[in-house]
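J.: the following comprises the amino acid sequence and a computationally predicted model.
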Amino acid sequence: MDMFIKQRIKAIKKGDQSAFADIVEMYKDKIYQLCYRMLGNRHEAEDAAQEAFIRAYVNIHTYDPTMKFSSWLYRIATNLSIDRMRKKKPDVYLDAEVSGTDGLTMYSQLADEGASPEDALESLELQQMVQEAILKLPEKYRTVIVLKYIDELSLQEISDILNLPIGTVKTRIHRGREALRKHLGHL
Amino acid sequence: MPCSEKIVQWMHDYLDGDIQKEEEQRLRSHIQQCEACREHFYALEKTVAFVENVSHFTPSDDFVKKVMYNLPREKRRVRWKRWFTHHPFLTAASLFFLLSMSSLWAVWQEDNEFSFSKQEHLIVRNHTVIVPEGKVVEGDIVVRNGDIKIEGEVHGNVTVINGHKYLASAGEVTGQIEEVNEVFDWIWYNVKRVGYNIAKTLTK
């Protein structure tokens, strides 16, 4: 696995684009997931994830092989998502895509409420509540929570990605978890 | 509210999987006794379970294609190199073709000395072979890097490589007259000659 990635990176550095396609294929789900949880919108997440990969390709020469390649990719995607979060207005619009659903807006939800099966709606609602709770987190807590729970990364990896001491990562996870508990703990 | 900061800290350490055995023991026994702390801990565990089990989504099917389409264009050299490694047979074939062509070319280029088949009655003047008027030359004539002027009669074929033939009104050739001036003509001529020689040896 590691050898494969190393060899692909070598080829990319020589300018071979098709080698990069393998890298995108390998990490697209993870990177997309990260962007989605950070931004809360499928369309924006897709856009951000694509930009993250393009940035990775353009800046491949700055990749330091002592770092895990996935960590480096995560760092790019995290920074990019934070940039976009800052530019974004925090308001939720009725016609915005509902988080955790595919192409569903609040309008269609209002209309379909009676038709949907009870349990499906329940889990859909729960999905939405979780995503909204994550989106309500301040960016520094949101980042660590997403990396830890959505992408199941270790504290050490998160510390590498964010270039923060492990102690700081832990404190942020604790605070983030407490903040989430306030929204989700009573369910 | 939980009893103390320390207990909450242990809860988080536990959830991070980063707690000392002894502290874990103390946390467990405290939670059993204290309802507020127990509730707080369960709420945290539930929260983690919710966040962990939030459904995963996948990007669009053409995600890779879209990324690749938006990359800056790669160097042409690399594209060729990849094509060669992916098509070894075609590479070998084209390499063979290239080599044989270049060696043929080299032979063609080297072979630029004036020469002609020695036959009776032939006169040579300034790289021009002349079949004099009223004379009959028996057999095929081949002239390299020179011209041929036919004023008499030739009983056979005439081939001019890298030169021109001039046939006077009185001149006559019983066989074929051929001018070979391009490298491809020359190759074709050689191929034919080899084929002819093989046929000749076979019939013998």
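T.: All right, it came through fine. Numbering: from 1, shown residues only, chains lettered A, B, ... in the order given.
J.: nearest to chain A: which residue in chain B?
T.: residue B:43 (3.0 Å; C-beta to the nearest C-beta). The way it works is simple: take the backbone N, C-alpha and C, and place the C-beta from them, glycine included.
J.: make sure that residue is indeed in a helix.
T.: Yes. With DSSP: H, G, I helix; E, B strand; the rest coil as the criterion, residue B:43 is part of a helix.
J.: OK, contacts around it?
T.: A:181, A:185-186 (C-beta atoms under 8 Å, 6 or more residues apart in numbering or on different chains).
J.: tell me the pLDDT at it?
T.: Residue B:43 carries a pLDDT value of 91.
J.: what about the residue nearest to the spatial centre of chain A, which SS state?
T.: When chain A is reduced to its mean C-alpha position, the nearest residue by C-alpha atoms, centre = their mean turns out to be residue A:34, at 1.2 Å. Three-state call for residue A:34 (three-state DSSP): helix.
J.: confirm for me that it is in contact with residue A:74.
T.: Yes. Residue A:34 is in contact with residue A:74 according to C-beta atoms under 8 Å; the separation is 6.6 Å.
J.: between those two, what contacts are shared?
T.: Joint contacts of residue A:34 and residue A:74 (C-beta under 8 Å, 6+ apart) are A:147, A:151.
J.: how about the residue nearest to the centre of chain A, nearest residue that isn't a chain neighbour?
T.: residue A:77 (5.3 Å; C-beta to C-beta, 6 or more residues apart in numbering or on different chains).
J.: for residue B:11, same thing?
T.: Per C-beta to C-beta, 6+ apart, closest to residue B:11 is residue B:41, 5.3 Å.
J.: quick check, nearest of the contacts of residue B:43 to chain B?
T.: The nearest member of those to chain B, counting by C-beta to the nearest C-beta, is residue A:185 at 3.0 Å.
J.: show me where chain A has strands.
T.: Applying DSSP state E to chain A gives no strands.
J.: using the record's assignment, carve it into domains.
T.: A:7-88, A:137-187 (automatic domain parsing).
J.: just chain B next, same as before
T.: Split by automatic domain parsing, chain B gives B:5-52, B:115-203.
J.: the ones you listed: lowest mean pLDDT?
T.: For the domains of chain B, the weakest mean pLDDT is recorded on domain B:115-203, namely a mean of 82.
J.: any idea how far that one is from the middle of the chain?
T.: 41 Å (C-alpha atoms, centre = their mean, to the nearest Å).
J.: straight-line length of it, end to end?
T.: For domain B:115-203, the first-to-last residue distance is 29 Å (C-alpha to C-alpha, to the nearest Å).
J.: same check on stretch B:132-151?
T.: 5 Å.
J.: the helices in the chain, which residues?
T.: Since no chain was named, I'll use chain A. Counting by DSSP state H, chain A has these helices, from start to end: A:2-13, A:17-39, A:42-58, A:69-87, A:106-112, A:118-136, A:139-145, A:155-162, A:166-184.
J.: wait, I meant chain B there
T.: Going by DSSP H, chain B shows helices at B:5-15, B:21-33, B:35-52, B:63-70, B:76-86, B:88-110, B:183-203.
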